[in-house]
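>>> Take a look and give me a structure for this.
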Amino acid sequence: MKTVLKIQSSLFGAGGRSTQLADRFIEGLRSLYGAVRVVTRDLAADPVPPLTLERFQAFCTPSAERSAAQQALVRDSDMLIEELMAADIVVLAVPMYNFTVPAALHNYFDQVARAGVTFRYTEHGAEGLVKGKQVFVFVTRGGYHGDAHSQTAFLRQFLAFIGLEDAKFLYAEGLAISDEAREQSLGAANAALANLLPPAMAAA
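Numbering: from 1, shown residues only. Here you go, the predicted structure:
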């Protein structure tokens, strides 16, 4: 059975447009695979702690040398990384807030970016260690920004940095422009789900 990790970051939870697109996509996965195991990480309802100096120092301390307090600080990160590593398919639901990703998602990234665990430095540069997964990113925005926006560049760079190099993006934009623009954009995004799913699965 395929395991799908859905990471959603909308303040509106299940009612968020990005979450709804991700959920419809996962229904498409069910239609292809039958049963799938879905693990939902709702970063708005259950936020992960932000990176602090103490937490970063705990990450950098070898496990055998960590104090009990440091072990406790690392525990959340270990759990999130185990969850990520166990997934076959990663689905991210990402609204745009103030021209970037939600702070809750950035905190999540800070927790899973661990040297020697999800990436390592080599003589040829950084190498991502989270490999062999399909990644789909559903982005919703109030205005029109397109694939070249810095939000997309950041997401692609971070995902590739930890080894998720072939992320596929789908956008619903202009959601705050007007009711007509919102409905047109969401309609186009939902139609694109049907086009995105079969080629992506055929390439698996």
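
>>> quick one: the strands in the protein?
Remark: strands assigned in the chain by DSSP state E are 2-8, 36-42, 89-95, 119-122, 125-128, 134-140, 168-172.

>>> Could you list the residues in contact with the helix or strand bottoming out on mean pLDDT in the chain?
Within the chain, confidence by mean pLDDT, DSSP states H and E is lowest for helix 179-202 among all helices and strands, at a mean of 81. The contact list for helix 179-202 (Cβ atoms under 8 Å, 6 or more residues apart in numbering) reads 17, 21, 24-25, 28-29, 32, 134, 136, 138, 168, 170-176. The C-beta positions use only the backbone N, C-alpha and C, and glycine is treated the same way.

>>> got it, and stretch 109-118?
Residues contacting stretch 109-118 (Cβ under 8 Å, 6+ apart): 48-51, 59-60, 76-77, 80-81, 84, 119, 121, 128-130, 158, 161-163.

>>> what about that stretch, distance to the chain center?
Once both centres are worked out by Cα atoms, centre = their mean, to the nearest Å, stretch 109-118 turns out to sit 14 Å from its chain's centre.

>>> Just the buried positions in it, please.
For stretch 109-118, the neighbour count (16 or more other Cβ atoms under 10 Å) marks 109-114, 117-118 as buried.

>>> measure it end to end?
11 Å (Cα to Cα, to the nearest Å).

>>> Point to the residue nearest the middle of the chain.
For the chain, the residue sitting closest to the mean C-alpha position, by Cα atoms, centre = their mean, is Leu92 at 3.6 Å.

>>> CSV please, covering the strands of the chain and showing distance to Ala64 and mean pLDDT.
Putting the strands of the chain into CSV (distance: least, Cβ to Cβ, whole Å; pLDDT from 0 to 100) gives the following:
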stretch, distance to Ala64, mean pLDDT
strand 2-8, 29, 96
strand 36-42, 29, 96
strand 89-95, 31, 97
strand 119-122, 19, 94
strand 125-128, 24, 92
strand 134-140, 33, 96
strand 168-172, 40, 96
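
>>> Which positions within stretch 86-98 qualify as buried?
For stretch 86-98, by 16+ other Cβ under 10 Å, it's 87-97.

>>> Could you tell me how far Pro49 is located from Leu73?
Look at Pro49 and Leu73: by Cβ to Cβ, to the nearest Å, they are 8 Å apart.

>>> Of these two, which one has the most company?
Counted by other Cβ atoms under 10 Å, Pro49 and Leu73 do not tie: Leu73 has more neighbours, with 20 against 12.

>>> my read: Met96 touches Tyr144, true?
No. Met96 is beyond contact range of Tyr144, at 10.9 Å (criterion: Cβ atoms under 8 Å).

>>> Counting neighbours, what do you get for Ala58?
20.

>>> How about the contacts made by it?
66, 69-71, 73-74.

>>> Which one (most neighbours) among those?
Taking other Cβ under 10 Å as the neighbour criterion, Leu73 ranks highest of the contacts of Ala58 with 20 neighbours.

>>> That one touches Glu54, doesn't it?
Yes. If you go by Cβ under 8 Å, Leu73 and Glu54 touch, sitting 6.3 Å apart.

>>> that older thread, what's the closest of the contacts of Ala58 to Thr3?
Val74 (23.4 Å; Cβ to Cβ).

>>> Thanks again, I'm all set now.
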